[in-house]
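J.: next input, structure requested:
(2 chains)
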Amino acid sequence: MPGIPSTPATEDDQMVGSPSALPNTRDAAGAWDTLMRGLRLSPELRAGLVKTLLLALLATAGRAIVPVAVQQTIDHGLGARGGGVDLELVWWAVGIALVAVLVTAVASGFMNARLITAVETALSNLRIRAFRHIHDLSMLHQATQQRGGLVARVTTDIDEISRFMSWGGLNLLTSVGQVTVATAVMFAYSWRLTLVVLATFVPFVLAGRWFQVRMTAAYQLVRERVGAMLGAVAETVVGAPVVRAYGVEQRTQQRLDERIEDHRSAAVRAGALSSTFSGSGEVFAAIATALVVVVGVVTGVGGDVSAGTVAAFFFLITLFVDPVLIAAETVNEGQTAVAGWRRVLDILDMEPDVADPVDGIEIPDGPIGIRFEHVAFRYPKPGEVAADASGPTVLHDIDLEIAPRTRVAVVGETGSGKTTFAKLLTRLMDPSEGQVLVAGVPLHRVAFESLRRRIVMVPQDGMLFEGTIADNVRMGRDDADDELIELAFIELGLADWVEELPDHLRTEVGERGTALSAGERQLVALARAYIANPDLLVLDEATSAVDPATEVRLQRALVGLTAGRTTVSIAHRLSTAEAADEVLVFDAGEIVERGSHADLVDAGGVYGVLHESWRRGSAA
Amino acid sequence: MRRGLRLIGLALREAPKPFTVGGLGAGLYAGMTVLSAVVLGWVTDEVIRPAFDAGEVDRGLLWLAVGALVGVGTLKATGVIGRRLGAYAAQYRLQSIYRRRVTRQYLKLPIEWHRRHSTGELLSNANADIESAFFIAAPLPMSFGASVMLIVTAVLLLVTDPFLAAIGFTVGPAIAAVNWYFARRMRLAAMDAQQKRADVSETAHESFDAAVVVKTLGREGAETRRFGAESEGLRDKMIEFGRLRAAFDPLMEALPNVAILAVLIVGAWRVGSGDLSAGDLVQFAYLFRLVALPMRVFGWLLGELPRAVVGHERVEKVLLAEGEMEYGTAIGSGDAGAATAFDAVAYQHPATVREDLLPGTTATDDADHTRGVQDVTFEVAPGRTIAVVGPTGSGKSTIAALLVRLFDPHLGEVDFDGADLRDLARSALSEHVAIVFQESFLFDDTVRGNITLGSDFGDDEVRWAARLAQADGFVESLPDGYDTQVGERGSTLSGGQKQRIALARALIRRPRLLVLDDATSSVDPAVETAILTNLSAAGLPSTVIVVAYRRSSIALADEVVFVREGTIAARGTHADLLRDVPAYAHLVTAYEDVHASGSEVSA
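T.: Residues are numbered from 1 along each chain as shown, chains lettered A, B, ... in the order given. Purely as a prediction, here's the structure:
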């Protein structure tokens, strides 16, 4: 519809994903390729397509019937070549046209409904499949993509496809049909007039191409500026205390005003392009109409053209203008949609490198011992698999054994390899060299079901999900009832904490657990791990300080949780290292020291230095 | 409805120039649309039919016809361009005017006002609400044009033939009714779908954020089912919306066609009876085709109006909010640490509070928000370092905020150098006093820009401050050193790195009162120790107040103020309090207690 500005979409994570939203400059073959790949993956789109296309044919064919009725009425009904008005003929013409109009409406309604149902069903399934696939990818692959980017794969990218298919794509389909049918009817009337009309529209189509390229760039600029502007607005809100405390209101406002103005001018410029283009359509339509009159009258008199034919052309020409306008606007949407589709398909094409082994074996019952056999880890460069990774090495030739039921603390600087160590131990990643054995079994041969039941990791942030505390704990064990969950909190010495909560176990934790403090989220995460009852526990301690009361609870719960299990803690606290049976000190990807806390302190090496800074930090 | 009209009136007043262009364009467009149909009718009667009837062509008339058709077409195109350009210009002009006003309010209104509103709310006030309020600017010129077109067509119909008029007056309202009905239902369905889309997005965010948990607990299947349910909800809403459109679009196309066919039959009959010419028939058939489409704009305008009114009301609430912090005129002199004091200060937090504004507190620390502090009295001598210690929710952050005048006490007085803090001029306050929050906020700027905040500091000073804050090392290793862009809210840096830059930002100002509200919590303990040691060795001209959990911070203070339940429970040196105040001792030694019991288990 004219007059409606197409305000560029402002998705929530536009700021994160904006670089990937750049229009893809790959050629049409790439787009076709993506389309074919996409159709192969979504059988829902192909099912019943023939029927839908038949309906589409019916729907567009009906659009040319009204001009024909006009021509019939003028030429024969009104007795253009002498004779009076033939009302009976007009009745017939109008009656047939009316039936055609109604059939067209019904057919086009059904076609629209069928198409949208097929598209939305297919896209929802694609969304769900991509979601699952992203979870199946290893931490490594997940890490190479920005978190916001991953979310975009299952949200905005697919929304773009949906938007295109159910608006632009649908319009494009009927437009192509409309132009084809109109051209066919024109040819049936007069090839001369048809050529006149087509010749007039060639420059219009070329102009459309010219405008389309510029509009794409203009709207891209608008999108970027929207992002920049929203970022600046957010600074005045989120950063309000800082702006106030440092008295930088003026500077902030000035930066903001610039971005607001940048956005306005870009948006108006894009609007001007689109306005001029749609205006030019009117000029071309008028020129075509005038030429039809001239050529029709000059060649028609005594020829094959009648007055009714010329009148029919007036109507047929109007069927040409909109499709060109629509096509030019749709190409942009189409490019965005295809680019989005390609990104989704690319994600689906990524082979999960850490996969559930076929015929996986179970970890033998009983306590779990750990063995690293000459394990090395290098980050793979894009396209490489773990085994032939050639990126920076983060772990060198780790060879060690940890006895069942030992409590091990892993310490080291950021980047020393201690986190990689933990990820290999939980098979969040596979080593580049060597192998990891748990309870004597190679980890990569262990069935996921057994792996996840027996080995549990507690990450730094509690990572809770919207729902109640009980819901979150139950994630550790699906069949746990409230009684069991309550028992878990009691056994971890957290009963008093649960008691203090407004709804006890039924307390809602909010989106991502934000209704609880960081320390409290940790408590729930510990209960979740406890109820899962693993034989090997891997803990990644939080670095940030929590208030002392929660700290006490955390420590108490940890004692309960780790009792009797093989435990590997990435330690940031002196107390954890002191309480461990053994300390592994990582430095530059190697284990440089190993032994009890006391021995290592006496030795005065890397650990000695670390301990000294800890000690100064915690003792008065 | 009346509020809708008022909003339209307001929009017209705020952006008169673009609306004039748009209105003129729309009028021209409307006139030329009707005229183009009239010209076609005339061409049919005077050029085409005579030519075919008589078999010869009047060249002069033919050229006149061409001139008329192309001339009208060009004028119509001009009208279209003017109408659309005016609409765009008005819409974006209004958006930018209101964005400026709203954000000026944000920067002016007191922090307390900010704290009563959530971040999401304020962001959407400045963005989505303004957008939807002035979305109605877009269809306004077109609505004007369509009205002109309707009236002219109606007059033309009445003048020409009552029977043709009857067709127009039947189909016109029918189109309007269909439009009205569907526009409303489609808008509701679209809003439902939008809500579902947000749910899908939120679930994806939450799930991918917690990917490690999903993996290590083997929750992939359960998560997929949860996400699948959301996705299917969205799918159903989209299909519902699509079905409405599938019914609406063909109806809107069929109705004018039915009218044209009616014109043919009625027209043919009237031509037979000699009341109409063939040209009249062509003219009105063509006119119905052209006028039908613009009618859609009314349905659209009416459909958008309620949303626009709601959006505008939300924006208006921000613009009408009152309150601004009043500042005094004192410039505050001296180049050594300031004396600061609380005299019977009480502060009550508003009931609804944003979690993210008072750094160092979380949503569960409700006690802190709702209770605030009462009867707080203490003095700090110039140059001293004081630690404020207390359990979560005891009021520590409130005291920190009052010290730097983020808000004013309800009772009592906060003093700075012996005078009321409120007497200090705006510029003097930010010159003498600096605070660093736990949640360090960085601007989308370079590292240097985030430290200087646009003030005129030399390179040496920037480096000096960064070194003190232990930031120099990692900043140097960034790709562009101090000129590296930190990204939106410092997204390219870790929490500890952000805190250190925020600290450097405070230090470079050499404030006479420095307040650290748990400002190094994300920094590695070893680095934190280094920072605090640096600070005391640097000989800053500052009185320092530290809110802290870690004993390393507490230990460096000359004195400790122990806060409990919104008031000061004890004051003294760390050693004294440890010995004399059991609650304090319990709090700060909690850590060692646990450590001890942990050793027992392992032994």
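J.: need phi/psi at A:Leu464.
T.: phi -100, psi 170 (degrees, to the nearest 10).
J.: all helices of the stretch 451-600 of chain A, in order?
T.: A:469-474, A:482-491, A:495-500, A:518-532, A:548-562, A:574-579, A:597-603 (DSSP state H, counting those that start in this stretch).
J.: which strand residues bridge A:Val411?
T.: Assessed by DSSP bridges, A:Val411 has beta-bridge partners A:Val585.
J.: can you get me a residue count around it?
T.: 28 (other CB atoms under 10 Å in any protein chain shown). Every C-beta, even on glycine, is put in place using the N, C-alpha and C of the backbone.
J.: mean neighbour count and mean pLDDT for the helices of the stretch 451-600 of chain A - can I get that in CSV?
T.: Supplementary listing: the helices of the stretch 451-600 of chain A in CSV, determined by neighbours: other CB atoms under 10 Å in any protein chain shown; pLDDT from 0 to 100:
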stretch, mean neighbour count, mean pLDDT
helix A:469-474, 22, 87
helix A:482-491, 17, 86
helix A:495-500, 14, 83
helix A:518-532, 25, 85
helix A:548-562, 21, 80
helix A:574-579, 24, 77
helix A:597-603, 16, 81
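J.: could you dump those helices into CSV with distance to B:Glu46 added?
T.: Below are those laid out as CSV (distance: least, CB to CB, whole Å):
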stretch, distance to B:Glu46
helix A:469-474, 80
helix A:482-491, 89
helix A:495-500, 92
helix A:518-532, 83
helix A:548-562, 92
helix A:574-579, 99
helix A:597-603, 107
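J.: could you dump those to CSV with distance to chain B?
T.: Below are the helices of the stretch 451-600 of chain A laid out as CSV (distance: least, CB to the nearest CB, whole Å):
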stretch, distance to chain B
helix A:469-474, 9
helix A:482-491, 14
helix A:495-500, 10
helix A:518-532, 6
helix A:548-562, 3
helix A:574-579, 4
helix A:597-603, 10
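J.: got phi/psi on A:Leu400?
T.: phi -160, psi 170.
J.: show me what contacts it?
T.: Residues near A:Leu400 by CB atoms under 8 Å, 6 or more residues apart in numbering or on different chains: A:Ile370, A:Arg371, A:Phe372, A:Leu584, A:Ile591, A:Arg594.
J.: which bits of the stretch 301-450 of chain A sit near chain B?
T.: By the rule CB under 8 Å from any CB of the partner chain, the part of the stretch 301-450 of chain A lying against chain B is A:301-302, A:306-307, A:310-311, A:314-315, A:318, A:407, A:414, A:426, A:428, A:448-449.
J.: try it again at 7 Å.
T.: A:301-302, A:306-307, A:310-311, A:314-315, A:318, A:407, A:426, A:428, A:448-449 (CB under 7 Å from any CB of the partner chain).
J.: Three-state assignment for B:Ala434, please.
T.: Secondary structure, DSSP: H, G, I helix; E, B strand; the rest coil: B:Ala434 is strand.
J.: mind listing what the most centrally placed residue in chain B touches?
T.: Note on chain B: the residue nearest the mean C-alpha position is B:Leu123, at 2.6 Å, using CA atoms, centre = their mean. Shown in contact with B:Leu123 (CB atoms under 7 Å, 6 or more residues apart in numbering or on different chains): A:Val233, A:Ala234, A:Val237.
J.: buried among the residues you listed? Make that a ChimeraX selection.
T.: Only the buried entries of the contacts of B:Leu123 go into this ChimeraX selection, using 16 or more other CB atoms under 10 Å in any protein chain shown:
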select /A:233,234,237
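J.: helices - which of the contacts of B:Leu123 land there?
T.: If you go by DSSP state H, the contacts of B:Leu123 have A:Val233, A:Ala234, A:Val237 in helices.
J.: domain-wise, how is chain A divided?
T.: Following automatic domain parsing, one finds the domains of chain A at A:27-189+A:332-352, A:191-304, A:370-618.
J.: ok, the closest residue to A:Gly391 other than its chain neighbours to A:Ala389 distance?
T.: Spatially, and ignoring its direct neighbours in sequence, A:Gly391 is nearest to A:Tyr379 (3.5 Å; CB to CB, 6 or more residues apart in numbering or on different chains). Shown here: A:Tyr379 relative to A:Ala389, a distance of 6 Å by CB to CB, to the nearest Å.
J.: same question for B:Glu439.
T.: Relative to A:Ala389, B:Glu439 is positioned 37 Å away (CB to CB).
J.: hang on, the earlier thing: can you narrow the contacts of B:Leu123 to ones near chain B?
T.: A:Val233, A:Ala234, A:Val237.
J.: how about chain A: which residue is closest to chain B?
T.: A:Ala286 (2.1 Å; CB to the nearest CB).
J.: follow-up on the earlier one: doesn't the residue nearest to the centre of chain B fall inside a helix?
T.: Yes: under three-state DSSP, B:Leu123 sits within a helix.
J.: so what pLDDT did it get?
T.: B:Leu123 is assigned a pLDDT of 83 by the prediction.
J.: repeat for B:Gly598
T.: For B:Gly598, the pLDDT comes out at 38.
J.: before we move on, back to that, now which of the contacts of A:Leu400 would you call buried?
T.: A:Ile370, A:Arg371, A:Phe372, A:Leu584, A:Ile591.
J.: nearest residue to B:Ser553 in space, please, no chain neighbours.
T.: B:Ser553's closest residue in space is B:Val546 (CB to CB, 6+ apart), at 5.3 Å.
J.: now the one you found: how far from A:Ile317?
T.: Distance of B:Val546 to A:Ile317, given as CB to CB: 79 Å.
J.: what's the answer for B:Ala68, then?
T.: 16 Å.
J.: looking at these two, which one has more neighbours?
T.: Legend: neighbour count by other CB under 10 Å for B:Ala68 and A:Ile317, higher for A:Ile317 (24 against 21).
J.: measure how buried B:Gly73 is and give me the count.
T.: Applying other CB under 10 Å, we find 23 residues neighbouring B:Gly73.
J.: I figured it hits A:Ala286, correct?
T.: Yes: between B:Gly73 and A:Ala286 there is a contact under CB atoms under 7 Å: 2.1 Å.
J.: list the contacts for the spatially closest residue to A:Glu333 that is not a sequence neighbour?
T.: Nearest residue to A:Glu333, sequence neighbours excluded (CB to CB, 6+ apart): A:Gly168, at 4.2 Å. By CB under 7 Å, 6+ apart, A:Gly168 lies in contact with A:Thr330, A:Glu333, A:Gly334.
J.: angles on the backbone of A:Gly168, please.
T.: When quoted as degrees, to the nearest 10, the phi and psi of A:Gly168 stand at phi -60, psi -50.
J.: make JSON lines from the ones next to chain B among the contacts of B:Leu123 and add pLDDT to it.
T.: Shown next, in JSON lines, are those (pLDDT from 0 to 100):
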{"residue": "A:Val233", "pLDDT": "87"}
{"residue": "A:Ala234", "pLDDT": "83"}
{"residue": "A:Val237", "pLDDT": "85"}
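J.: what about the closest residue to chain A within chain B, distance to B:Pro256?
T.: Of all residues in chain B, B:Gly73 sits closest to chain A, at 2.1 Å by CB to the nearest CB. Noted for B:Gly73: a distance of 21 Å to B:Pro256, by CB to CB.
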